[in-house]
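J.: Here is my input; please provide its structure:
(chains A and B)
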Amino acid sequence: MRLFWKELRECARTLPLAFVVFALVWWFLLPSRSVYGGQFDINSANAAALLGCVYSLLLGVLQAWPLQRIDVRGWLFSQPVSRRRVYWTQTLAAVVVYMAAMIVPYCVTYWYLRTYLPAMSPIEPNAFLAAGVAYLYGFIMHPAAIWMLSRPAKWVGSKSFTLALPIGIFMLPMAAIYTPFTWLFTSALLLLGIVGTVSIFGVAEDAFTASANMPPRWRSDTLASRWLRRSGAVATTIAVVIAVWTACGVIVSLAESILRSPETHNDGAYHAYRFQPDGDIARVKIKSEYDPKIGTLEKILAAYELPATNDLAEAKALRKVADDSQPNTDQEYLQTLREGHFLRDINYPVPFRLFGQIEEHNETASSDGVVWYRHADGYVLGYVHDYNNSREPLLRKVMDRSGLGSTNVPFGRSHVAQLPLHSLTGFSIAQHTYLFDNEGVYDYDSANQKLDVLLEQPIDSAAIFERLGGHGWTLYTRDGLTVSLFDVLPVDETTALPESPTGLPIGFTPELLWAKTKLVLRQTIELPASTFEWADLPKNWSQAEIVDLGNDSFQLVQWRSRVGMKTLRINDSGVIADSEKTYVWPRVRPAPLSSQIPVVLVPPVLAAISIGFGIWQATFGSPDTVTTTVEWILAFTLLLIHAGWAWWLTRWACLHRNLNDKHTLTWKLVSLALGIVVPAIVLCVHERVAVQVCLECENRIRVDELACSACGASHAETPPLGIEIMAR
Amino acid sequence: MIADLPTAIHTQDLTRYFHQHRVVDGLNFAVPTGRVTALLGLNGAGKTTAIRMIMGLVCPTRGHATVLGQNSQQMPPEHLARIGYLVEGHYLPGWMRVSEIESLCRDIQPRWDHHRFAQIVEHFAIDRRQRCGQISRGQRAGVSLASVLAADPELLILDDPALGLDPVSRRALNETLLEFIAVNEAESTQATPRTVLLSTHHLDDVERIADDVAVMIDGRLLVHTDLADFQLRVSRFEIQFTGESISDETTEIVRRQVSGLVEIRPIGNRLQICVADAADDLADRLANVTGGDIEMIATTLSDRVIAYLSLQRSSRFDHPLPSHVHSEPTRS
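T.: Below you'll find the predicted structure:
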């Protein structure tokens, strides 16, 4: 127990610095958690991984570095305590300090920030799962540091090289988490990572207990340490299982490709919805292909027309016929498609296009509704919507802004899509609805299925209010710095506009649901140029609000998430009475975490993995993925030459290090997989040992061998000098 | 004689290379149980490396060492508890207080003697509340010695315990050691008597404390016997010549004629030689060959040891790696 306290106190000397650093990191990260939960997960995981690696490495170095001095080592190792116990005591002490460095600053920072961050949500275990796992995994650098410092080697050689292995092992689960591989590959990476982690602890313990500045221990039958052998057996078993699994998959896929007909063969195609050139929509069967000159292309295999009927039941029935499988209409998938290169399909003459932004969705009592889509050329399309199959269009209705109703005829192509179509008021099939986009404001008469243009002018944003300042129903529009206020008046002047009923919650707004209205320009206000500018902040405001202040003024509030808000109070004369800047939270700019070690190190590791996977696929993949070209043959030839070269260099390196036949063969086999880096590894890992020439057979033998391995002759002892005085 | 005694430490062909340099060369060494053996040698002779191999802190390149019947590379904690090892330089964690050192040792040593620790600490006038990094070197040596002796070891290995100590501290250390040995002889409850292996440069300490002496030169053990035997078998002669100086030819004749020649020193018209296991008729033969007057002179233990130690610095005893040993080619 005293030994534990000694180690704990030595580790705890780093805690003040760790507390400060960790608290600063949480200080930057925690505010974002109240707004962007998902983003917090990623940022905190990255930060935890980086901090964990650095801090555990520091702890390991602080514990093992003093033992580089042999008097320190002699004092510690001459005590009647096993070196294994010393190692695990050090590890346990480091774990305690390591966890304290994580938890204490978090709790303190959380408690402090909570005093003025009312938006902070309570601790959610899920939010910290990724960070916790990453942080725990970062402790792998502690045994790595001890292993590195316990190894009898030179810093420029295998001592520094030792650190590469734990980093690689650390990267395995990180790569599995951050990259979208198949589940089999991900599982393999995670398993190998776990095995590697356990191995590192074992190897570090072994190196620590044997830290006696000794020659290489693999000179006899101990090829590697006991733990390494165990973990190697586990890893080999996993590799064999994966290899068998993969081989079975290859065999099955080959059999399928031979036995099954092309129609039933799953060729990787998928279904989606695309616009046709005339603005109509179709369900298409697509297969993505890669063109080295252009990128990913969509090859349209088949197209299905959607049912043109107003009968929802009929539409549902027809859709079942048209559908082979459910198309992936998930929002994330749509986003991916938008950012893709599918619009550059050159293999198909008809340029199908992607769905536009989904603008508004309102359910009705029958669970059916309307979804507004916007075409890139300006078409505005309305679809009857099946609520139970979100965003699955069943019927199509084409609306235009000419006031002619549903014509199925697209209107002018001059429309430039910038602002999505928005609804200004509540939306229902049986009501009048105010809509706007960046070209104007429209009245959608859902009863007659007509779209009337109320106002044509450029619009950046718009809103409608029952009351604004000292006026009644008001339409607010803004184009750049120009704000226009319109009175909303009934076309039939004898009819009064509705008012908010009394006794209802504040903020309730009645809907314009009864008759047609008209807009009369009341006032135009020029905002100052600095309205949307803050010198020290980006300009991309995320939200804007209009707040009615009562009889004589209203507020224009622009606010940006996580930063603050800017408020302009505008009176009825259109004069800006005052302005105010408010920071929601302390003005602490979030630290950029993009340049983290995992981000830097993952790409080369993944590149190596992908190259290996590519070689594997090119060699063992299904026949239709292999294209035998001159380039491929040349590459394969170079691969063989490279392997031969690596084999020969490895043989030379093993001879130089005087390794025995078993280890030489092992390294040669490794060189076939890893290439010419292996000779360098051999020279780094194996220490240069003094050799002597056997007097009998003149073979070179290591000085730590008692007899010549070739002829069995014993070493000649140093001849006596004749002056020895030994006890008789 | 020590060759017949049971041994606490036994080494067989103990050899250690540091890279291409052979630091300990085929050490065959046996420390008898119950005796104090002084291991002597110049700096770099290989004493500390040999002790570290004996303690399992350095792995031998070749050969092995046995300590209290156990291979030195595989000593379990209960075996280490029987060995007291005082490291060279008296390292102690500087941030720990003397009392904390005692607490730590008491926690891990099975036969901890608190009174002995307190007695030695008081002998060195050490305040237990002080941190080890703040006390003097002599006091640190006292704490180290106290922590080693209070563990009641069967085998005590002291690696240059007087290194860097002032005379007062050195005397205190010697007194403590002598007291421990005396207590050992008088009151020991151990089944086997205590053994001490002492590496030192102080020959007068050796005369006061040691029973046996071992001398290492350039990694090789040249002397290992008890003190009386050593003094008996190493002789020093002086040859008086008539001329004013001695020619190199005469010196070379002596070199060739005398077997076991350890040292030869021309001083004016006299030639002093130190011989190991001198033949009975050596004086007569030297007189016949050189024509000088031969006289055997009385010398101290220090003179004899120094004669051996001077071998390492003289050109006469120059034995680099034997010709059949090669090094790996050095890369730039």
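
J.: Only C-alpha atoms from now on, for both contacts and neighbour counts.
T.: Fine.

J.: so where's the stretch 51-200 of chain B uncertain?
T.: B:183-192 (pLDDT under 70).

J.: ok, which stretches of it are helices?
T.: B:77-80, B:98-108, B:114-123, B:137-149, B:167-187 (DSSP state H, counting those that start in this stretch).

J.: What's the local residue count around B:R116?
T.: The tally of other residues near B:R116 (other CA atoms under 10 Å in any protein chain shown) stands at 17.

J.: Could you tell me how many residues sit around the closest residue in space to B:D127 that isn't next to it in sequence?
T.: Once flanking residues are discounted, B:D127 sits nearest to B:V98: 7.6 Å by CA to CA, 6 or more residues apart in numbering or on different chains. Using other CA under 10 Å, B:V98 has 26 other residues around it.

J.: For A:V72, find the nearest of the helices of the stretch 51-200 of chain B.
T.: Comparing the helices of the stretch 51-200 of chain B by their distance to A:V72 (CA to CA), the top pick is helix B:137-149, with 12.5 Å.

J.: Provide a list of residues in contact with the residue of the stretch 501-650 of chain A found nearest chain B.
T.: Of all residues in the stretch 501-650 of chain A, the one sitting closest to chain B is A:L649 (16.7 Å; CA to the nearest CA). By CA atoms under 8 Å, 6 or more residues apart in numbering or on different chains, the residues touching A:L649 are A:676, A:679.

J.: That one is in what secondary structure piece?
T.: In the assignment (DSSP states H and E), A:L649 maps to helix A:630-656.

J.: Tell me the helix or strand right after that helix.
T.: Immediately after helix A:630-656, counting by DSSP H and E, sits helix A:661-674.

J.: Using CSV, write out every CA atom in that next one.
T.: The C-alpha coordinates for helix A:661-674 follow below in CSV (Å, rounded to 0.1, in the frame of the first residue of the first chain):
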residue,chain,number,x,y,z
ASP,A,661,17.3,-19.2,-39.1
LYS,A,662,13.9,-19.3,-37.4
HIS,A,663,13.8,-15.6,-36.9
THR,A,664,15.3,-14.8,-40.3
LEU,A,665,12.6,-16.8,-42.0
THR,A,666,9.9,-15.1,-39.9
TRP,A,667,11.1,-11.7,-40.9
LYS,A,668,11.4,-12.7,-44.5
LEU,A,669,7.8,-13.7,-44.5
VAL,A,670,6.8,-10.5,-42.9
SER,A,671,8.7,-8.6,-45.6
LEU,A,672,6.5,-10.1,-48.3
ALA,A,673,3.6,-8.4,-46.7
LEU,A,674,5.0,-5.1,-45.5
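
J.: Could you point out the helix or strand that follows it?
T.: Counting by DSSP H and E, what follows helix A:661-674 is helix A:677-685.

J.: Averaged pLDDT, that next one. What do you get?
T.: Helix A:677-685 carries an average pLDDT of 77.

J.: close to chain B, is that helix?
T.: No - judged by CA under 8 Å from any CA of the partner chain, helix A:677-685 and chain B are separated, with a smallest distance of 12.2 Å.

J.: rewinding a little: hey, which of the helices of the stretch 51-200 of chain B is tucked in deepest?
T.: Looking across the helices of the stretch 51-200 of chain B with neighbours counted as mean count of other CA atoms under 10 Å in any protein chain shown, the highest average goes to helix B:137-149: a mean of 25.

J.: Which other helices and strands does that one contact?
T.: On a contact count with 3 or more CA pairs under 8 Å, 6 or more residues apart in numbering or on different chains; DSSP states H and E, helix B:137-149 meets strand B:83-86, helix B:98-108, helix B:114-123, helix B:167-187.

J.: Can you give the strand pairings for the first one, parallel or anti for each?
T.: Right, the one you point to is strand B:83-86. Here strand B:83-86 is paired, per DSSP bridges, with strand B:155-159 (parallel).

J.: next one: the strand it pairs with to chain centre, how far?
T.: The chain centroid and the centroid of strand B:155-159 are separated by 10 Å under CA atoms, centre = their mean, to the nearest Å.

J.: Show me what that strand is in contact with.
T.: B:8, B:48, B:51, B:82-88, B:194-200.

J.: Looking at the residue of the stretch 501-650 of chain A closest to chain B now. What's its pLDDT?
T.: 88.

J.: cool, and A:A93?
T.: 95.

J.: One more: A:W632?
T.: For A:W632, the pLDDT comes out at 61.

J.: which residues does residue 93 contact?
T.: I went with chain A, as the question did not name one. A:A93 sits in contact with A:4-5, A:7-8, A:11, where contact means CA under 8 Å, 6+ apart.

J.: if you could check chain B rather than the one you did, that'd help
T.: Residues counted as contacts of B:P93 (CA under 8 Å, 6+ apart) are B:132-133.

J.: what's the answer for B:Y17, then?
T.: For B:Y17, the contact set (CA under 8 Å, 6+ apart) comprises A:690, B:23-24, B:60-61.

J.: I'd like those as CSV, with neighbour count appended.
T.: Output for these, formatted as CSV (neighbours: other CA atoms under 10 Å in any protein chain shown):
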residue, neighbour count
A:A690, 24
B:V23, 20
B:V24, 29
B:P60, 27
B:T61, 26
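
J.: so which of those would you say is closest to B:C274?
T.: Closest to B:C274, out of all of the contacts of B:Y17 and judged by CA to CA, is B:V24, at 25.2 Å.

J.: and the closest one, that one's in a strand?
T.: Yes - B:V24 forms part of a strand when assessed by DSSP: H, G, I helix; E, B strand; the rest coil.

J.: Phi and psi next, for the residue nearest to it when sequence neighbours are not counted.
T.: Using CA to CA, 6+ apart and skipping the chain neighbours, the partner closest in space to B:V24 is B:G219 (3.9 Å). Main-chain torsions, B:G219, degrees, to the nearest 10: phi 80, psi -10.
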